[in-house]
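Trainee: Based on what follows, work out the 3D shape:
(2 chains)
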Amino acid sequence: DSGVTQTPKHLITATGQRVTLRCSPRSGDLSVYWYQQSLDQGLQFLIQYYNGEERAKGNILERFSAQQFPDLHSELNLSSLELGDSALYFCASSLSGLARYNEQFFGPGTRLTVL
Amino acid sequence: AQKVTQAQTEISVVEKEDVTLDCVYETRDTTYYLFWYKQPPSGELVFLIRRNSFDEQNEISGRYSWNFQKSTSSFNFTITASQVVDSAVYFCALSGVRGSAWQLTFGSGTQLTVLP
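Mentor: A predicted model of the protein is given here:
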């Protein structure tokens, strides 16, 4: 158990809908990262937050957004869902993620199915 | 730009055989980290090892061993005496600084199937 929790574990929804995925980092970790694992794109970095502020952006679509709250949990919002958004979404956390490297610990993932 | 290549998409071996998973990376950074993760059928990502760019010593952990060669930009992973429980997708990953943040770039993964 990495100490990173993600809810829900599974999510099934329809095209055009909006969903929110939630992540609670390990205790004491200030950085949260979101990754998407899909069949065609593999495992891709989406976005990173550090202590409530966006720190880095990867291949995140404009239909997707994220935020990190004062209690450090993070939410990934996916809107106008398309079939191709079906994927496993991972959250990871690290102590800092800034100048000095810190290990990323991965949550169990949320499997999103768009029908 | 960072890139990680795992040319082997799928590998099948029979139990007790040794198997090597290849990983080749590209980066312009002088300081970087390399990783291997295991993803069993249950889906979670299991951390196996991390090496930094200044430490080229090979490492052995039980049946697992890693060969890091900067000269060929490779970080290969060998499982000795494979077992059915080793069946999983294995990812090689590279972490380097982008702007003010460390970013992790994954290879496409190698599906290892160990047959009884």
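Trainee: nearest spatial neighbour of residue B:47, skipping sequence neighbours?
Mentor: Spatial nearest neighbour of residue B:47, chain neighbours left out: residue B:37 (5.9 Å); criterion: CB to CB, 6 or more residues apart in numbering or on different chains. Yep, even glycine has a C-beta here, placed from its N, CA and C like the rest.
Trainee: tell me which helix or strand of chain B sits lowest on mean pLDDT?
Mentor: strand B:101-106 (a mean of 84; mean pLDDT, DSSP states H and E).
Trainee: neighbouring contacts of that one?
Mentor: A:33, A:35, A:42-45, A:48, A:50, A:55-56, A:58, A:92, A:97-98, A:101-102, A:104, B:2-4, B:35, B:37, B:91-97 (CB atoms under 8 Å, 6 or more residues apart in numbering or on different chains).
Trainee: The same query, at a cut-off of 7 Å, please.
Mentor: With CB atoms under 7 Å, 6 or more residues apart in numbering or on different chains as the contact definition, strand B:101-106 has outside contacts at A:42-43, A:45, A:48, A:55-56, A:58, A:97-98, A:101, A:104, B:2-4, B:91, B:93-96.
Trainee: Show me where chain B has its strands.
Mentor: Using DSSP state E, the strands of chain B run over B:3-5, B:10-14, B:19-21, B:24-26, B:33-39, B:46-52, B:59-61, B:64-69, B:74-79, B:88-98, B:101-106, B:110-115.
Trainee: Now render these as CSV, adding mean neighbour count.
Mentor: Converted to CSV, the strands of chain B look like this (neighbours: other CB atoms under 10 Å in any protein chain shown):
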stretch, mean neighbour count
strand B:3-5, 17
strand B:10-14, 13
strand B:19-21, 18
strand B:24-26, 16
strand B:33-39, 20
strand B:46-52, 15
strand B:59-61, 10
strand B:64-69, 17
strand B:74-79, 20
strand B:88-98, 21
strand B:101-106, 21
strand B:110-115, 17
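Trainee: Can you point out the buried residues in stretch A:80-96?
Mentor: For stretch A:80-96, the neighbour count (16 or more other CB atoms under 10 Å in any protein chain shown) marks A:81, A:85-95 as buried.
Trainee: ok, residue A:14 - contacts?
Mentor: When contacts are counted by CB under 7 Å, 6+ apart, residue A:14 is found next to residue A:115.
Trainee: Report the separation between the most centrally placed residue in chain A and residue A:61.
Mentor: In chain A, the C-alpha nearest the mean C-alpha coordinate belongs to residue A:34, at 3.0 Å (CA atoms, centre = their mean). Here residue A:34 is placed at a distance of 12 Å from residue A:61 (CB to CB, to the nearest Å).
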